[in-house]
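[1] model this:
(2 chains)
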Amino acid sequence: MPSPIRRIFDPHIHMTSRTTDDYAAMYDAGVRALVEPSFWLGQPRTSPASFYDYFDGLLGWEPFRAAQYGIAHHCTLALNPKEANDPRCLPVLDELPRYLLKDGVVAVGEIGYDSMTPAEDTALAAQLQLARTHELPALVHTPHRDKAAGLARTLDVLRESGLPPAFVVLDHLNETTVGPAADSGCWLGFSIYPDTKMDPDRMVRILRVHGTERVLVNSAADWGRSDPLKTAHVADAMLAAGFEEDDVDQVLWRNPVAFYGQSGRLRLDATGPETQLFEGNSILRGGE
Amino acid sequence: MLTPLASLRTGLELRLTADARAWLHLALSEASGAGEDGPGGGLPPWERHFVTAGRRCHATEQQPGPSPDPVDTVDAVDAARVLILHAAAPGADAVAALYRRGSAGERRAVLLALPHLDPPPATEAALGLVEDALRTNDTRLVAAALGPYAAAHLDAHQWRHGVLKCLFTGVPLAAVAGLEHRAAGDGELARMLEDYARERTAAGRAVPEDLEHALRLARFDEPPARPARRPHPQDRTEGSES
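    Numbering: from 1, shown residues only, chains lettered A, B, ... in the order given. This is a model prediction of the structure:
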């Protein structure tokens, strides 16, 4: 059982791909708020309209679903690096400004590199400027392949962009990339996965070396093999390793609140599911 | 006597912080001069206010976030958006675009504003928005869609399905504007309600209290002796799911 004071903010989770059972389990584990970044859905999109329906879902249906389980839902919007390589999807960049005004949007993201192509260079630089003009933080995905080189190139583009490091989280970091990422002054994001990226014990070792400042821990759970309770598992591993409850609260609540709070758009007053029973029912039934 | 919108504005101003009140005055003033593009050809200022109301329109009391109760008419953000939209008096195409490009909160505000817009929106276009909202499973949109505009304009078939959808999704029928008038003597609605009650009963589930109320109206039975207010969610039985 989580301790009564535990509250968790998952700063990166793709709830569109998860079930209502996940929402209920997350609530039971202490999750009270989350950020859902827009990303690739597994099946490549072929038109901008497909993105707009997805963005509308992140600003409509998904927050509605989350609220029924007592969880505050926010999102980050962007043209993701993988699909920035398909010219058919590029008009999304022209529509993003009006989407980035929306109340539930707390950052531009996920942006960054996938295969480090010229098209990705262009989309990353353009969207960092959108973050500046909308006074929003940026969620920057570091590539899964050729990660260290990808991080170095990312840091170059970030410096050129003029976006302050305090407005940037570099995500999917690991032991090999945490050093240069920390030196950049950006926030440090770690995705905890069942068998790729990071695991809870490795996360704890990094926290011991780098401390708890500017660290965000997420489950990045999506349609792949992933676990929306990994944030809670990190909390357990931290306590087992001798960290205090206050350290857990800093990493798993206060840090993401501080980072995304820079948007001025966080709403952390969602009520518990016990007061929303009748709405929950429309979901529990599985929809019409 | 105050018009509904004047009451809405008065009630809203009383609830706002000083900063939010100043924002509302600016937004309404800019909306009254609507039609001008924003700097650089972006959104006109009033539309920016409409979109960003959720983070500007702070009420003095602790707001419980988006109201979990679709019958809780309008929260402060809804009210501000309805007033801005009314002041801007956009054309039918602009209203439809606001809905189509809106977040769920913005869409709800467009639906709530439909009966107040001057000039009134083209009926076919406005009904298109109502019908879109009724296709969703977002109960706050469904409830807003079944307001006075739907009561006045929605055809019988869609209106009946709207009522049934409320029962399915747990939206209290108090959200359905003009229920007493439109349900009265509606034999087809009575049949649909009876079929639904039979289905619930066959499944061993409770029949929503609201269903009985609507059924009495549709059958021209005794005047209902029930409060318009829905029961508290926690009073509902486990079987009263949608």
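[2] Got the confidence number for the most centrally placed residue in chain B?
    In chain B, the residue lying closest to the centroid (C-alpha atoms, centre = their mean) is B:A144, at 1.5 Å. Listed pLDDT for B:A144 reads 97.
[3] give me the element it is part of.
    When elements are defined using DSSP states H and E, B:A144 is found to belong to helix B:139-145.
[4] Could you identify the helix or strand that succeeds that helix?
    helix B:148-153.
[5] got a list of contacts for that following helix?
    For helix B:148-153, contacts defined as C-beta atoms under 8 Å, 6 or more residues apart in numbering or on different chains pick out B:111, B:114-115, B:123, B:126-127, B:130, B:159, B:162, B:176-178, B:181-182. Quick note: C-beta positions are derived from backbone N, CA and C, even for glycine.
[6] In this structure the residue nearest to the centre of chain B contacts B:L134, no?
    No - at 10.2 Å, B:A144 does not count as touching B:L134 under the criterion of C-beta atoms under 8 Å.
[7] isn't A:A166 right up against A:E213?
    No - between A:A166 and A:E213 there is no contact under C-beta under 8 Å: 11.8 Å.
[8] contacting residues for A:D195?
    By C-beta under 8 Å, 6+ apart, the neighbours of A:D195 are A:R225.
[9] Now do the helices in chain B.
    With DSSP state H, the ranges of helices along chain B come out as B:4-15, B:18-32, B:45-56, B:76-88, B:92-100, B:104-113, B:123-135, B:139-145, B:148-153, B:156-169, B:179-183, B:187-202, B:209-218.
[10] And the shortest one, what does it pack against?
    It refers to helix B:179-183. Applying 3 or more C-beta pairs under 8 Å, 6 or more residues apart in numbering or on different chains; DSSP states H and E, we find helix B:179-183 packed against helix B:156-169, helix B:209-218.
[11] Same check on the last one?
    Here helix B:209-218 is seen to pack against helix B:156-169, helix B:179-183, helix B:187-202 when contacts are counted using 3+ C-beta pairs under 8 Å, 6+ apart.
[12] Can you say which of these is nearest to A:R18?
    helix B:156-169 (21.2 Å; C-beta to C-beta).
[13] Next up, the contacts around the closest residue to B:A104 other than its chain neighbours.
    Distances taken as C-beta to C-beta, 6 or more residues apart in numbering or on different chains place A:G60 nearest to B:A104, at 3.6 Å, with adjacent residues excluded. A:G60 makes contact with B:103-104, B:107, B:136, B:138 under the criterion C-beta under 8 Å, 6+ apart.
[14] wait, B:R107 sits on B:R140?
    No - if you go by C-beta under 8 Å, B:R107 and B:R140 don't touch, sitting 9.3 Å apart.
[15] Got the confidence number for residue 19?
    Because you didn't say which chain, this covers chain A. At A:T19, pLDDT is 97.
[16] Can you look at chain B instead?
    95.
[17] In contact with it: list those residues for me.
    B:H58.
[18] List the buried residues of the least confident helix or strand in chain B by mean pLDDT.
    Within chain B, no helix or strand scores below helix B:4-15, which has a mean of 92 by mean pLDDT, DSSP states H and E. Using 16 or more other C-beta atoms under 10 Å in any protein chain shown as the test for burial, helix B:4-15 gives B:5, B:8-9, B:12, B:15.
[19] Dump the residues you listed to CSV, plus distance to chain A.
    Formatted as CSV, the buried residues of helix B:4-15 follow (distance: C-beta to the nearest C-beta, whole Å):
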residue, distance to chain A
B:L5, 23
B:L8, 20
B:R9, 21
B:L12, 17
B:R15, 16
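[20] of these, closest to A:S38?
    Closest to A:S38, out of all of the buried residues of helix B:4-15 and judged by C-beta to C-beta, is B:L12, at 33.0 Å.
[21] Okay, B:V110 and chain A: tell me how far apart.
    13 Å (C-beta to the nearest C-beta, to the nearest Å).
[22] thought that residue was touching B:V95?
    Yes - between B:V110 and B:V95 there is a contact under C-beta under 8 Å: 6.3 Å.
[23] With neighbour numbers in mind, choose between those two.
    B:V110 (26 against 22; other C-beta atoms under 10 Å in any protein chain shown).
[24] nearest spatial neighbour of the more buried one, skipping sequence neighbours?
    Using C-beta to C-beta, 6+ apart and skipping residues adjacent in sequence, the residue nearest B:V110 is B:Y99, 4.4 Å away.
[25] what's near enough to touch that neighbour?
    Here B:Y99 is in contact with B:106-107, B:110-111, B:129, B:132 (C-beta under 8 Å, 6+ apart).
[26] next one: B:D118
    B:D118 sits in contact with B:86, B:89, where contact means C-beta under 8 Å, 6+ apart.
[27] ok, so what distance separates it from B:L28?
    The gap separating B:D118 from B:L28 is 15 Å, by C-beta to C-beta, to the nearest Å.
[28] related to what we said a few turns ago, hey, which of the helices and strands packed on helix B:209-218 is tucked in deepest?
    Across the helices and strands packed on helix B:209-218, averaging neighbours per residue (mean count of other C-beta atoms under 10 Å in any protein chain shown) puts helix B:156-169 on top, at a mean of 20.
[29] Determine the number of other residues adjacent to the closest residue to A:P97 other than its chain neighbours.
    Excluding the flanking residues, the one nearest A:P97 by C-beta to C-beta, 6+ apart is A:L130, at 6.5 Å. Residues near A:L130, counting by other C-beta under 10 Å, number 20.
[30] Can you check the pLDDT for residue 212?
    Since you didn't name a chain, this refers to chain A. On the pLDDT scale, A:T212 is placed at 98.
[31] The intended chain is chain B.
    Per-residue pLDDT puts B:E212 at 95.
[32] what about it, how many residues close to it?
    15.
[33] Chain A versus that one, what's the distance?
    Using C-beta to the nearest C-beta, B:E212 is found at 17 Å from chain A.
[34] can I get the contacts of helix B:148-153 in JSON lines with distance to B:T201?
    Output for the contacts of helix B:148-153, formatted as JSON lines (distance: C-beta to C-beta, whole Å):
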{"residue": "B:L111", "distance to B:T201": "33"}
{"residue": "B:L114", "distance to B:T201": "37"}
{"residue": "B:P115", "distance to B:T201": "37"}
{"residue": "B:T123", "distance to B:T201": "39"}
{"residue": "B:A126", "distance to B:T201": "38"}
{"residue": "B:L127", "distance to B:T201": "34"}
{"residue": "B:V130", "distance to B:T201": "31"}
{"residue": "B:W159", "distance to B:T201": "25"}
{"residue": "B:G162", "distance to B:T201": "23"}
{"residue": "B:V176", "distance to B:T201": "23"}
{"residue": "B:A177", "distance to B:T201": "29"}
{"residue": "B:G178", "distance to B:T201": "28"}
{"residue": "B:H181", "distance to B:T201": "28"}
{"residue": "B:R182", "distance to B:T201": "26"}
